[in-house]
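J.: sequence isn't available, so here's the structure alone:
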């Protein structure tokens, strides 16, 4: 414990990833990674602030938190930083009206956003919704804009499900970048702005945290 | 005509593109571009050799030639250089057994190729067959190989149909390249090897042709 105390000297908060760290996803809701339920409980009993910082963009925070609570985790919606609500803030600030290529599950996070006459495209990990038709529609919306804006919720290459490796949003982001000759704006890890948002929401400075 | 004669001095053959040059595709089979039927007929009456060099990878040569003949073009299967039969030659030479992510229409071009226990992936312009499930399967096959080989029939960003712009195979090639951390081998224009094949099939040298 002495080594830990030294390493944690000056640290006031902890950002925890969720998928692949607290639990592995799967069609049946996935399963907690051994020891993670107790680790979260222990951190919460400590003097440290805890925040969950995820790139999950297939589920709303409500769905994600519900799933984790059923697995025994002590977690609430207000403790989660996720790309969809972060993107929603950016869209409001910049008066952007998105064409959404996202799962139905995460669409509720954009409930307050005007999506008529779109002037940008937002893509998330859409899974089966990454059909040719949906990708082509997003592509056509971008090509019709004078200055195409593509916002990608994360840029992961793939992730692991209990059934195997699955293509993540980053692959589809690259497809649209190449087809349109543009570069996407990434909302999610590893973007520094995203970590800054998580810290701000936790109420601590970067040098006071431990990944 | 004097200017043309000068420009064509020493030229023995002509490579003609098909889509977007002879005709514009569409759900109804598309339509010839005005003047192109007569231009092909005139070239064929001339002293020049003529070959058709396409990146079409949604249709077999038989289908493509049938469609063009119905539109009035003087063209036969043996006059067409297309990526699928070119890839088929490469697969045979290198003893590669492909997992095919291609339209049903073009699958017949790989009829002589062993596709059991795949050791590479071949993608073509698969249109609606670029589902998440099919892309994920191709991705998983690549990730299971010690040295992943991805062969892409062309690398076009998009093409024009009578109904609008459509995402081409290049976008999906980029998605798989990024997800797997690899670089695809492109069979089709603008690959120099592909042009060389077309010239060889026409029986002329590069300096004797006019694009």
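T.: Okay, I see it. Keep in mind the model is a prediction, meaning the values are calculated, not measured.

J.: going forward, measure contacts between C-alpha atoms and count neighbours the same way
T.: Noted.

J.: gap between the most centrally placed residue in chain A and chain B?
T.: Per C-alpha atoms, centre = their mean, the C-alpha nearest to the average position across chain A is that of residue A:55, at 2.5 Å. Counting by C-alpha to the nearest C-alpha, to the nearest Å, the separation of residue A:55 from chain B is 16 Å.

J.: for residue A:69, same thing?
T.: Separation of residue A:69 from chain B (C-alpha to the nearest C-alpha): 30 Å.

J.: which residues of chain A fall in helices?
T.: Under the criterion DSSP state H, chain A contains helices at A:2-7, A:36-45, A:61-70, A:83-93, A:104-107, A:132-144, A:169-180, A:192-202.

J.: out of those helices, flag the one nearest residue A:19.
T.: helix A:61-70 (10.1 Å; C-alpha to C-alpha).

J.: coming back round to it: quick one, which of the helices of chain A is nearest to residue B:32?
T.: Smallest distance to residue B:32 across the helices of chain A (C-alpha to C-alpha): 24.2 Å, for helix A:132-144.

J.: is the closest one in proximity to chain B?
T.: Yes. Shown here: helix A:132-144 in contact with chain B (C-alpha under 8 Å from any C-alpha of the partner chain) through A:132-133, A:135-136, A:139-140.

J.: quick one: which of those residues has the most company?
T.: Per-residue neighbour counts (other C-alpha atoms under 10 Å in any protein chain shown) across the residues of helix A:132-144 next to chain B peak at residue A:139, which has 23 neighbours.

J.: pLDDT wise, what is the residue lying closest to that one once chain neighbours are set aside at?
T.: In space, and not counting its chain neighbours, residue A:139 is closest to residue A:176: 6.4 Å by C-alpha to C-alpha, 6 or more residues apart in numbering or on different chains. Note for residue A:176: predicted pLDDT of 98.

J.: count the residues that sit near residue A:176.
T.: Other residues within reach of residue A:176, judged by other C-alpha under 10 Å, total 27.

J.: what do you get for residue A:39?
T.: Neighbour count for residue A:39, taken as other C-alpha under 10 Å: 13.

J.: distance of it from chain B?
T.: Distance from residue A:39 to chain B, by C-alpha to the nearest C-alpha: 32 Å.

J.: check residue A:126 and give its pLDDT.
T.: Looking at residue A:126, its pLDDT stands at 96.

J.: could you identify which of the helices of chain A has the lowest mean pLDDT?
T.: Among those, helix A:2-7 scores lowest, at a mean of 72.

J.: from residue A:84, how far off is residue A:57?
T.: Residue A:57 sits 6 Å away from residue A:84, taking C-alpha to C-alpha, to the nearest Å as the criterion.

J.: between the two, what contacts are shared?
T.: A:106, A:153 (C-alpha atoms under 8 Å, 6 or more residues apart in numbering or on different chains).

J.: quick one: which of those two has more around it?
T.: residue A:84 (30 against 27).

J.: next up, the contacts around the more buried one.
T.: Per C-alpha under 8 Å, 6+ apart, neighbours of residue A:84: A:57, A:60, A:106, A:109-110, A:153.

J.: any chance of these in CSV, with distance to residue A:184 too?
T.: What follows is these, written out as CSV (distance: C-alpha to C-alpha, whole Å):
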residue, distance to residue A:184
A:57, 16
A:60, 22
A:106, 20
A:109, 20
A:110, 19
A:153, 10
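
J.: out of these, which is most surrounded?
T.: For those, neighbours tallied by other C-alpha under 10 Å; top is residue A:153, 29 neighbours.

J.: got the phi and psi for it?
T.: phi -80, psi 90 (degrees, to the nearest 10).

J.: ok, it - contacts?
T.: Counted by C-alpha under 8 Å, 6+ apart, residue A:153 has contacts A:55, A:57, A:83-84, A:87, A:122-125, A:169, A:186-188.

J.: switch to 7 Å and redo it
T.: Applying C-alpha atoms under 7 Å, 6 or more residues apart in numbering or on different chains, we find residue A:153 in contact with A:57, A:83-84, A:123-124, A:186-188.

J.: what's the answer for residue A:158, then?
T.: With contacts defined as C-alpha under 7 Å, 6+ apart, residue A:158 is in contact with A:165-168, B:179.
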